[in-house]
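Colleague: make a model of this:
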Amino acid sequence: MYSRILKLRFPVIAVQKPLVCNLAREYDLTFNILNAGILPRKEGFMVLEVSGAKRNFKEGVDYLKRQGVDVQNASQEVKRNEDKCTHCGACTAVCPTGALSVKRPEMRVVFDQKKCSVCRLCLPACPPRAMEARPTHQLFFE
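Modeller: A predicted model of the protein is given here:
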């Protein structure tokens, strides 16, 4: 059994299509949705744990790419550079899982890595660029 966490970005034209269901039906893959949403410009994002035979996995990823979906390996983690963080709270507004929150009354930003789904929405939202994504192991697309 082969398993990976994938980050998917769906263009506007693909958001309404049952692409992930087709992974299960046509490529015999199982999936667990870790995070999903529709962004302001109507593009979609999804973080999935996908499992199945390695050959089916590759064919399923190729299918998604042919549909215009940006597929990335999520074998990375988001970290906060404590030296850069100003605790402004901008990152908390975009965090869909609550991994980033403001501790009151201290008004300090708290980062709970266990809740982080590696959606990376906090990276561009952070004015001092204290949020960083780092690979955790070799990418499978190489």
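
Colleague: look up how far residue 105 lies from the most centrally placed residue in the chain.
Modeller: Against the mean C-alpha coordinate of the chain, by CA atoms, centre = their mean, the closest residue is residue 119 at 3.1 Å. As judged by CB to CB, to the nearest Å, residue 119 and residue 105 stand 29 Å apart. In this view, the C-beta of every residue, glycine as well, is placed from N, C-alpha and C.

Colleague: tell me the residue furthest from the middle of this structure?
Modeller: Distance to centre of the chain, CA atoms, centre = their mean, peaks at residue 105 (30.6 Å).

Colleague: pretty sure residue 69 sits against residue 20.
Modeller: No. The pair residue 69 and residue 20 fails to qualify as a contact (CB atoms under 8 Å) at a distance of 9.4 Å.

Colleague: shared neighbours of those two, anything?
Modeller: With contacts defined as CB atoms under 8 Å, 6 or more residues apart in numbering, the residues shared by residue 69 and residue 20 are residue 8.

Colleague: show the subsequent helix or strand relative to the lengthiest helix in the chain.
Modeller: The longest helix of the chain (DSSP state H) is helix 54-66. Note on helix 54-66: by DSSP states H and E, the next helix or strand toward the C-terminus is strand 70-73.

Colleague: each with direction, which strands does whatever helix or strand comes next after that following strand pair with?
Modeller: Downstream of strand 70-73, the first helix or strand assigned by DSSP H and E is strand 76-80. Partners of strand 76-80 in the sheet, by DSSP bridges, are strand 131-135 (antiparallel).

Colleague: output the partner strand as PDB, nothing but the C-alphas.
Modeller: Below are the C-alpha coordinates for strand 131-135, written out as PDB (Å, rounded to 0.1, in the frame of the first residue of the first chain):
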ATOM      1  CA  MET A 131       5.700  31.400   8.600                       C
ATOM      2  CA  GLU A 132       7.900  29.000   6.500                       C
ATOM      3  CA  ALA A 133       7.300  25.700   4.700                       C
ATOM      4  CA  ARG A 134      10.000  23.100   4.900                       C
ATOM      5  CA  PRO A 135      10.300  19.700   3.300                       C
END
